[in-house]
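Enquirer: need a 3D model of the following:
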Amino acid sequence: MIARLQCTVLDCPDPQELGYFYAALTGGDVDRPDPQWATDDDWTTVHTPGGPVLAFQRAPDFRRPRWPDPDHPQQFHLDFAVPDLATAHAEVLALGAEVLDHVASGRSWNVYADPAGHPFCLVGH
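Expert: Below you'll find the model as predicted:
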C-alpha cells in the first residue's frame, strides 16, 4: 500500500453552502476541528458518521457539471495521506502518474494526474 484515502474534495462556488448540504444529507459534522485541515471561507469539511471525509474547496471559475456533457465535466479530486511524500512521489510516478503541481516551500502536498488525467493529491503526514 502506498497511501490511504484521506478525503474526497469537490470544487464549488460556495464551500460552506455545499458543506451544509452534504452534512444534512449524511448526518455529518461541518468543519469539525481536525488537525489535518484548516477550514476557512475557501475550504469546508464534512466528517460523515461512517468515517469518510468530504471536503469542498472554492473554485472561482467553477462551471457547473452537466451530466453527461463532456464540455462541462464533473469536478472533484481525491486526497491520499502518505507517511513520506518523497517516497510516495516516486512510487506514483512509477505507476504512471503525471506531476501537475510539485510541492512548494512549506507545503505538504503535491498534485498529480492519474493515467486518464484525473487530478489527485498526495498529502504528507
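
Enquirer: rounded mean pLDDT for the biggest strand by length in the chain, please.
Expert: Longest strand of the chain, by residue count under DSSP state E: strand 4-12. In this model, strand 4-12 carries a mean pLDDT of 92.

Enquirer: using CSV, write out every CA atom in it.
Expert: The C-alpha coordinates for strand 4-12 follow below in CSV (Å, rounded to 0.1, in the frame of the first residue of the first chain):
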residue,chain,number,x,y,z
ARG,A,4,-4.8,5.6,2.3
LEU,A,5,-7.7,7.7,1.0
GLN,A,6,-7.9,10.8,3.2
CYS,A,7,-10.9,12.6,1.8
THR,A,8,-12.8,13.4,-1.4
VAL,A,9,-12.7,17.0,-2.5
LEU,A,10,-15.2,18.8,-4.6
ASP,A,11,-14.7,22.1,-6.3
CYS,A,12,-17.6,24.5,-5.9
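
Enquirer: and the following helix or strand past that strand, what does it pack onto?
Expert: Once the chain leaves strand 4-12, the next helix or strand it forms, by DSSP states H and E, is helix 15-26. For helix 15-26, the elements it packs on are strand 29-30, strand 43-47, strand 53-58, judged by 3 or more CB pairs under 8 Å, 6 or more residues apart in numbering; DSSP states H and E. Glycine gets a C-beta too; all of them are placed from N, C-alpha and C.

Enquirer: want to throw those strands into TSV with mean neighbour count?
Expert: Listed next are those as TSV, based on neighbours: other CB atoms under 10 Å:
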stretch	mean neighbour count
strand 29-30	17
strand 43-47	22
strand 53-58	21
